[in-house]
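J.: A structural model of the following input is requested.
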Amino acid sequence: MKRLSVEDALSFGGLKDAIVVAGREGLKNYVDSISLLEVAEHQISQCVKDNELYITSFYAVRDNVEMQKIIIETLAQCNCCGLVICHLDSCLKKIDPEIIALCDRITFPLIVANSSTSYVNILNPLIGKLMYFKGNADEFAKIRADFLDIIIQENHISDALKKISCRVDYEISYFDIYLHCLYSNKIEKEVEQEQQFLKENISAIKTELQKQAHIIKKISDISKVIYPISAINRLFGYFIINPDKHYSLEKTLKETKELCLPCSLIFSHQAHIMDLKGIYEREYLEDLILWNFQSEEMAVLKGAEVGFDIRDKHYMLLIKINDYQQEDPAKENRILTNYIVKWFVPRLSEIVRSYCLTGIICHRSDIIFVLLSECEKDPGFKQLAGRLVSLFEADHKISVSVAISSRFEGIREIPNIYNQTLQAAMISHEYFDKNKAVSNDDVWFYQILLALRKDHDALDFSRKMLDPLIRQDEQSGTELLKTLKVIFDCSMDISMAADKMFVHRNTILYRKNKIIKILGLNPFESPYLISFLAALNILKT
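T.: Prediction:
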């Protein structure tokens, strides 16, 4: 049986004008299969086949030469026959000399395709030629290359899934790892039934799918095939197919099994892009709030590189994640980050962009950072903040504080506005119940008081005012200073203060009168009220 070599593959189709940049001595390697390499990690050894020609853009490791070397060495060790780099101009930009030297040393063919050549133009002719040599022109293989091109060309995962579903002519629903439907060509009621079935049986489904490639389950009296969407031991979700009544189950399983690869590539490709995008966005945000730019023009230019247009932004909204209940702190952080990015950020985006189409949203540690232009919807950002709070209120595991900045004119003000707004969020967390929204204007005077904590004269004066109560507490073991603060915090409500301190109401009244006697004035009445409130906050007692 005739076999195709790498050198043969360069003589037709999309590789006819490709350039061999290294490893020429390996051009006699045989090509038995061809595949797209999107999971660009050293674990690829688990899925590489002998004599397989791989095509990649190296997008996921475009800035990491060491990882590129690891991948190439792994491919060579697994008897891969060569690697084709596509879209060089838009992704990798150039091949590092170390990569060329490595490929020459291990005689591993490294080929650069014409930048204008699409994946499909490379894959289709090669797949057709391989099928011809094997005498097995599988009909489904004819559109496999189309799947791969869809994966690369589509930015939105739902669009890619929709196009793939149209090609195979089956009723299919796709669910992510949180069991949210990303796309389905079934009626809404049927999708809801599938989603409910997954939620109720997910543990058993996961266990069964660890032992076999697919399972068949009855959902509302319809037998359906459930496949996992996974790559390199990473589960991305599931797709559920209704077998076509005109075909045998065996034919359905044979054809729909071919969907596992493109679905896994779609999700892993999207995950890599989102991971990289998130890293670049967080790095830019860090530079923005610390102002690591030589000029405003440079800040705008760098923002455009990560997809942020900051030129018309005049408001900032911060969501501070206060806590997340888990026993393992390290696990808690991983779960929280994943939960926020995958679940809340997309829904936040929908709400924010209903008020401001050009709003920017970025997640950084325990803060979700939002930049907004003028609000396009009345009554404005306070209602927006309220809607964001409501989104989190539905989840009892997460507590948040939302703060809205005052209007600022230029982007150079962003570092200062960020600090003010973050402080407002922290004040909200300290003084209000969880899931509360405030604006900088609401707590402006309080922030001025906080600034006075660095003023020596203000600190000395505050200590002088409160010193009689401090000395009395030290000498007699009383809690007069704490009682003063609790009464203020409870807006002079004696019963509420008693509940908060776990004492009888009369005890608070007794302490209140004693405070007045020791100070020689009434701190619960003006003009002394404002002075004592300020002193307590300045000393942070």
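
J.: Quick one: neighbours of Asp309, just the number.
T.: 13 (other C-beta atoms under 10 Å). Backbone N, C-alpha and C define where each C-beta goes, glycine included.

J.: From Thr358, how far out is it?
T.: 6 Å (C-beta to C-beta, to the nearest Å).

J.: what's the answer for Phe524, then?
T.: Phe524 is 49 Å from Thr358, by C-beta to C-beta.

J.: try Ala535
T.: Separation of Ala535 from Thr358 (C-beta to C-beta): 45 Å.

J.: helix/strand/coil for the nearest residue to Ala385 once chain neighbours are set aside?
T.: Nearest non-adjacent residue to Ala385, counting by C-beta to C-beta, 6 or more residues apart in numbering: Ala437, 3.7 Å away. Following DSSP: H, G, I helix; E, B strand; the rest coil, we place Ala437 in the strand state.

J.: What is the burial count for Ala437?
T.: For Ala437, the count of nearby residues is 26 (other C-beta under 10 Å).

J.: residues touching it, list them.
T.: Applying C-beta atoms under 8 Å, 6 or more residues apart in numbering, we find Ala437 in contact with Lys382, Ala385, Gly386, Leu388, Val389, Ser401, Val402, Ala403, Ile404, Ser428.

J.: Phe267 reaches Tyr238, doesn't it?
T.: No: if you go by C-beta atoms under 8 Å, Phe267 and Tyr238 don't touch, sitting 10.7 Å apart.

J.: list residues touching both of the two?
T.: Joint contacts of Phe267 and Tyr238 (C-beta under 8 Å, 6+ apart) are Ile229.

J.: Counting by contacts, list what the strand or helix carrying Tyr238 packs against.
T.: Element membership for Tyr238 (DSSP states H and E) is strand 234-242. If contacts are counted by 3 or more C-beta pairs under 8 Å, 6 or more residues apart in numbering; DSSP states H and E, strand 234-242 sits against strand 171-176, helix 188-209, strand 222-231, helix 260-290.

J.: one more time with 10 Å, if that's ok
T.: Strand 234-242 is packed against helix 157-168, strand 171-176, strand 181-184, helix 188-209, strand 215-219, strand 222-231, helix 249-257, helix 260-290, with contacts defined by 3 or more C-beta pairs under 10 Å, 6 or more residues apart in numbering; DSSP states H and E.

J.: Report the angle between the last one and strand 234-242.
T.: With axes from the mean of the first three to the mean of the last three C-alpha atoms, to 10 degrees defining the directions, helix 260-290 sits at 130 degrees from strand 234-242.

J.: Helix 260-290: how far from the chain's middle?
T.: 7 Å (C-alpha atoms, centre = their mean, to the nearest Å).

J.: Just the angle for it relative to strand 222-231, thanks.
T.: Computed by the same axes, to 10 degrees, the angle between helix 260-290 and strand 222-231 is 50 degrees.

J.: Okay, strands next: where are they in the stretch 1-150 of the chain?
T.: 4-5, 19-22, 30-31, 33-36, 52-56, 82-85, 110-112 (DSSP state E, counting those that start in this stretch).

J.: what does the stretch 301-450 of the chain give?
T.: Taking DSSP E, counting those that start in this stretch as the criterion, the stretch 301-450 of the chain contains strands spanning 315-324, 360-364, 367-372, 398-404, 436-439.

J.: Hmm, Asn64 is touching Ile279, no?
T.: No: proximity of Asn64 to Ile279 does not meet the contact threshold set by C-beta atoms under 10 Å, at 11.7 Å.

J.: about what we covered before: just the pLDDT for the residue nearest to Ala385.
T.: For Ala437, the pLDDT comes out at 70.

J.: Which strand residues bridge it?
T.: Val402 (DSSP bridges).

J.: Settle this for me: Lys540 is touching Lys454, isn't it.
T.: No: judged on C-beta under 10 Å, Lys540 makes no contact with Lys454 at a distance of 11.7 Å.

J.: Tell me where the model's unsure across the stretch 401-541 of the chain.
T.: Applying pLDDT under 70 to the stretch 401-541 of the chain flags residues 430-436, 440-447, 450, 541.

J.: and if we set it to 80?
T.: Confidence mapping of the stretch 401-541 of the chain against pLDDT under 80 gives the ranges 426-454, 526, 537, 540-541.

J.: which residues of the stretch 401-541 of the chain fall in helices?
T.: In the stretch 401-541 of the chain, the helices defined using DSSP state H, counting those that start in this stretch lie at 414-431, 444-451, 456-476, 480-489, 494-501, 505-519, 528-539.

J.: What count of nearby residues applies to the closest residue to Ile351 other than its chain neighbours?
T.: Excluding its sequence neighbours, the residue lying closest to Ile351 (C-beta to C-beta, 6+ apart) is Arg387, at 5.3 Å. Arg387: 15 surrounding residues under other C-beta under 10 Å.

J.: Thr207 versus Arg387, what's the distance?
T.: 39 Å.

J.: before we move on, what about Pro468?
T.: 68 Å.

J.: Please verify my assumption that Ile70 contacts Val61.
T.: Yes: with contact defined as C-beta under 10 Å, Ile70 reaches Val61; the gap is 8.9 Å.

J.: neighbour count winner among those two?
T.: Using other C-beta under 10 Å as the criterion, Ile70 and Val61 rank with Val61 on top: 20 against 16.

J.: Lowest average confidence across helices and strands of this structure, where is it?
T.: helix 141-153 (a mean of 52; mean pLDDT, DSSP states H and E).

J.: number of nearby residues for Arg105?
T.: Arg105 has 11 neighbouring residues, counting by other C-beta under 10 Å.

J.: show me what contacts it?
T.: Shown in contact with Arg105 (C-beta atoms under 10 Å, 6 or more residues apart in numbering): Ala22, Gly23, Ala76.
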